[in-house]
Structure formats: C-alpha cells, structure tokens
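Asks: Show me the folded form of this:
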Amino acid sequence: MIKIAIVGLGNCASSLIQGLHYYRDRSPADVSGLMHWEIGGARPQDIQVVAAYDIDARKVGKDVAEAIFAEPNCTTIFQKDIPATGVKVQMGPIMDGVSEHMLSRPDHLTFKPADLPQPDKQQVIRHLKESGAEVMLNYLPVGSEDASRFYAECALEAGVAFINCVPVFIASDPKWAQKFAAKRVPIIGDDIKAQLGATITHRVLTDLFARRGVKLQRTYQLNTGGNTDFLNMLNHERLASKRTSKTEAVQAVASSRLEDDNIHVGPSDYVPWQKDNKVCFLRMEGTMFGDVPLNLELRLSVEDSPNSAGVAIDMIRCAKLALDRGQGGVLDAPSAYFCKHPPRQMTDDQAYDEVERFIAPVPVAVPA
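Replies: Residues are numbered from 1 along each chain as shown. Here you go, the predicted model:
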C-alpha cells in the first residue's frame, strides 16, 4: 500500500481519488486510460489517501470521500460510489493560495475560505508523520508560490516524497533540488503534464516539425476553461510561472529556439459554462521544402482533471519506488516525462525510454 497526502482537494484530486476506486476491480486485460497498470508491484488500488489539506469551508472537516464532490469542484463524476475513508480534510495555511479577485465571485464558482485557525509548519509536519504518509501531491492553485514552498518544506522535514503538480519552480530550482538530495527525499516536478492535453500535443507536433525538416516560424496555444483554475488565472500576476512552464515545454523540443514574439503559449480566458472542460486552439506556421509555407490548426477539447489523474497515479508509484530504493533528490526521468518544467528537459521519446528503465526491476546481485 502506498500512503499519500494531498494538498488541495479540487478537481484534480477528485479525479484522482475517483480513479483509484474506478480501477479497483478491473483486470489488466480490461483497462484503458492508464499508461501503466503496475509499477514496482503497485496497482492503482494500492494507493491510499491518509492525509488531506484544504482551506475551503465546504471541505475542511469533511471526510475526503465527501469533500471531493463539494463545490466549487465541477469535474466529471465517473465513479459515484466512494466509501468513507476515515480521513478528515485538515485546514491548511491560506497564505497566497487564494487570489483576491476570486472572493468577489459567486460561492459555487470560487473558493470559500474557512474561518478556522491555520496550522504552522510544525503542526503539518507532525500530522504528516502521524498519518504515515509516504508521498505528498501538491495541487494548489497556480500562483501559490509561498504556500507551495511551505508544503515542500513540510514534506522535506517529514521525509515524505514530494510531487509538485503546479507551476511553482521547486524541483527545477537547484537550491530546492539540493535540499531534497541532501535529505535523501525524492521529488518529482514541476507542473504536471496531462495524459493527452494541450502541452503534450503541442510538444509532439513541434518535435514532428523538427524531425521532418519543417522550420517552425511561429506558434500559439490558446486555452479556455471554466473551472477554478481558469478563474484563478484571470489574475495575470499569478501567471508568470505558468506561461514560462508551458512555453519552455514547447521550446525544449523545437529544432531552434523561437523568438519571444513568435511564440505564445498559455491560458487565455475563463468561460464559466465550460466547467472542467478545457478547449485548446493551436496554430503552427512554418516552411517546408523550397521554403513553401505550411500552417497547421488544431482544436482539442478535453476534461481537464481526469486528463491528469492517470499521470498522477504513475508519479505516485515512481516516487514510492524511489523511496524503497533509498533514492533521493530530483527523479529526472519521471520529472521529464510527467511534467512540463523538469530540471532536465528531454524529448518525449527519450523521457519515455528513461522512465521505462527507471521502473524496470533492479537486478538482484547473485553471490559468486
């Protein structure tokens, strides 16, 4: 059993927890939607939530199984029957986790901070240790720089592996990477890359241009959605790291780096009725043989949170594998394959191959 702590019981956490139960009674021969059925001997049903943190009055104090369906969550419910976990959602520190502009929106669309005492670092560390958590997932809103580092520090001090699903640069910050290495605590990050979302699609097509000798001259990726993530990102001051993360994910696989004026990648607008559906509009312009112009336009519509849940399941199991092997610091291959802004960018083919090597059983030395 892999025991996890979740920071932020939003749509992504809801999809993840639904998925743990959805796949519980499935056989490997009847499974779709997962990149790996088993990693290190662990299947999706071998993951157990033992700690959870949030700041919303509709979630704090509730059982995790109830909290994941509370407003403002709006993702698709594909697994209704979630038995009570016995794990109550703990109040977390608000810090910079809530943008002021969101407080003026109707309650069903936005966060509703609970009027409760906020824990200090030592309280969270103590709770993590008491819960037996082995891996922590950070699902805080974009722009939660201070709050994300608070939880990273808690995980580090508690000896809990840290998975940074948001675009706050922790794994990709050499100082933080060194902290995790020194404590021999694994970390995967930064900014989760969806199973088949805007970023991975944009990367694959950019790599295809390069491999086929097409010169990419300019490109944009415009995204709209109606969940709290997109509402939060209407505050453009919180978007700097998100734009950097998504842009660098594309630049990293281009045959040559595009000038800043020729690439635009990032969230574009909030459309409430879209809820958790994310629509990507992608355009790529280039030249092919004889400098003849070529352009590609694509529209991708996906349910945003389930699109990341299967990836998170693999990240959790990779982090646990590293713990079992006594491996600390940044896990380069999982970070490159599962995240948009890893410390070391790779092509997706290379990252896939390295992850397969990472999860392969370690040969047991036989005495001569």
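Asks: what are the ranges of the strands in this protein?
Replies: Using DSSP state E, the strands of the chain run over 2-7, 47-54, 90-91, 135-138, 161-164, 186-188, 215-225, 263-270, 277-287, 293-303, 329-330.
Asks: Please identify the pairing partners of the fifth one and their relative orientation?
Replies: Going back to what we said before, that points to strand 161-164. strand 135-138 (parallel), strand 186-188 (parallel) (DSSP bridges).
Asks: residues in contact with it?
Replies: Under the criterion C-beta atoms under 8 Å, 6 or more residues apart in numbering, residues 134-138, 148, 151-152, 155-156, 170-171, 180, 185-191, 312, 315-316, 319-320, 322-323, 339 lie in contact with strand 161-164. In short, each C-beta sits where N, CA and C put it, glycine included.
Asks: Please identify the buried residues of it?
Replies: The neighbour-count check on strand 161-164 (16 or more other C-beta atoms under 10 Å) flags 161-164 as buried.
Asks: centre of the chain versus it, how much separation?
Replies: 10 Å (C-alpha atoms, centre = their mean, to the nearest Å).
Asks: Could you do the last one as well?
Replies: From the chain centre to the centre of strand 329-330 is a distance of 17 Å (C-alpha atoms, centre = their mean).
Asks: The fourth one now?
Replies: Centroid displacement of strand 135-138 relative to its chain, using C-alpha atoms, centre = their mean, is 10 Å.
Asks: Likewise for the second one?
Replies: Between the mean C-alpha location of strand 47-54 and the chain-wide mean there is a distance of 16 Å, by C-alpha atoms, centre = their mean.
Asks: for that strand, packing partners?
Replies: strand 2-7, helix 11-22, helix 64-67, strand 90-91, helix 121-131, helix 306-325 (3 or more C-beta pairs under 8 Å, 6 or more residues apart in numbering; DSSP states H and E).
Asks: Parallel or antiparallel, which strands does that strand pair with?
Replies: Sheet pairing for strand 47-54, using DSSP bridges, gives strand 2-7 (parallel), strand 90-91 (parallel).
Asks: Would you mind giving the orientation angle of the lowest-mean-pLDDT helix or strand in the chain with respect to strand 277-287?
Replies: Ranked by mean pLDDT, DSSP states H and E, the weakest helix or strand in the chain is strand 263-270, scoring a mean of 94. If you take axes from the mean of the first three to the mean of the last three C-alpha atoms, to 10 degrees, strand 263-270 sits at 160 degrees to strand 277-287.
Asks: Any idea how many residues pack against D173?
Replies: 17 (other C-beta atoms under 10 Å).
Asks: Dump the helices and strands packed on strand 47-54 to JSON lines, plus distance to L300 and mean neighbour count.
Replies: Formatted as JSON lines, the helices and strands packed on strand 47-54 follow (distance: least, C-beta to C-beta, whole Å; neighbours: other C-beta atoms under 10 Å):
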{"stretch": "strand 2-7", "distance to L300": "27", "mean neighbour count": "26"}
{"stretch": "helix 11-22", "distance to L300": "18", "mean neighbour count": "24"}
{"stretch": "helix 64-67", "distance to L300": "30", "mean neighbour count": "21"}
{"stretch": "strand 90-91", "distance to L300": "36", "mean neighbour count": "20"}
{"stretch": "helix 121-131", "distance to L300": "37", "mean neighbour count": "16"}
{"stretch": "helix 306-325", "distance to L300": "10", "mean neighbour count": "23"}
